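J.: Sequence isn't available, so here's the structure alone:
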């Protein structure tokens, strides 16, 4: 009688979808956006300005990471043309990448990043120097221009809020269909997929350079964007 136990079948490896720097960036937004709203509603303007500069740095990093980061972080991987988006909406899953954002999700990501950049950008010039806190670049525009930008800044937050609600609704819709989008964004990996190896190693050097550039830009803006010469 052969007592030798059968060899255990190796469990397929989970597929790495999102790198840690992208995940940290992603999860900073649900913290910073409500904090920005709360500080504005409660007239905590100094803190509002500081959080806005942090958000500017993180958004700058995300844009840089969209060009030098791993596969699923790159805009070139998930920003597709109208034809691919329409095909995806018709149910053709082959038009999108195997992992990462779908063609529709890619444009949703671009819209959210763009809206946050616009909101933060307006905040840099907003405020009244004769009535409380101003953005760090307020002195570069006239008082009337700053007043107009301030009104836009306050109104556009509703647009940003609408995009966030749509984003959350899409995540919920996918969850109902059985496609869990949250767990991979938390842990970085998803269950095994046939023929899909996932993203490669994290390019730490590029990541550190991108973080340094983003932090440097935010710091430069915080000091009013003084001449560099």
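T.: Arrived safely. Nothing here was measured: the structure is a model prediction, and the numbers come from that model. Numbers count the residues shown, from 1 in each chain.
J.: In the helix or strand hosting residue 146, which residues are buried?
T.: Secondary structure assignment for residue 146, by DSSP states H and E: helix 143-176. Residues 146, 149, 150, 153, 157, 160, 164, 167, 171 are the ones in helix 143-176 that count as buried (16 or more other Cβ atoms under 10 Å). Bear in mind the C-beta positions are built from the backbone N, C-alpha and C, glycine included.
J.: hmm, who's touching whichever helix or strand comes after it?
T.: Next helix or strand after helix 143-176 toward the C-terminus (DSSP H and E): helix 182-187. By Cβ atoms under 8 Å, 6 or more residues apart in numbering, the surrounding residues in contact with helix 182-187 are 17, 18, 23, 26, 27, 171, 175, 190.
J.: same deal with stretch 86-106?
T.: Under the contact criterion Cβ under 8 Å, 6+ apart, stretch 86-106 has outside partners 15, 17, 71-72, 75, 77-80, 84-85, 108-109, 170, 190, 193, 195-196, 198-199.
J.: which SS class is the residue sitting nearest the centre point of the chain?
T.: Relative to the mean C-alpha position of the chain, the nearest C-alpha, by Cα atoms, centre = their mean, is the one of residue 26, at 4.9 Å. Under DSSP: H, G, I helix; E, B strand; the rest coil, the three-state class of residue 26 is helix.
J.: now the nearest residue to it once chain neighbours are set aside: how far from residue 164?
T.: Leaving aside its sequence neighbours, residue 26 sits nearest to residue 185 (Cβ to Cβ, 6 or more residues apart in numbering; 6.0 Å). Residue 185 sits 15 Å away from residue 164, going by Cβ to Cβ, to the nearest Å.
J.: cool, and residue 38?
T.: Distance from residue 38 to residue 164, by Cβ to Cβ: 15 Å.
J.: One more: residue 181?
T.: From residue 181 to residue 164 the distance is 15 Å (Cβ to Cβ).
J.: ok so, going back, got the buried residues of helix 143-176 as CSV, with pLDDT and distance to residue 118 columns?
T.: Putting the buried residues of helix 143-176 into CSV (pLDDT from 0 to 100; distance: Cβ to Cβ, whole Å) gives the following:
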residue, pLDDT, distance to residue 118
146, 96, 16
149, 97, 11
150, 96, 14
153, 97, 9
157, 97, 11
160, 97, 8
164, 97, 14
167, 94, 16
171, 93, 23
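J.: end to end, how far does stretch 167-184 reach?
T.: 16 Å (Cα to Cα, to the nearest Å).
J.: Make 25 the starting number, not 1.
T.: Shifting the count to begin at 25 puts that one at stretch 191-208.
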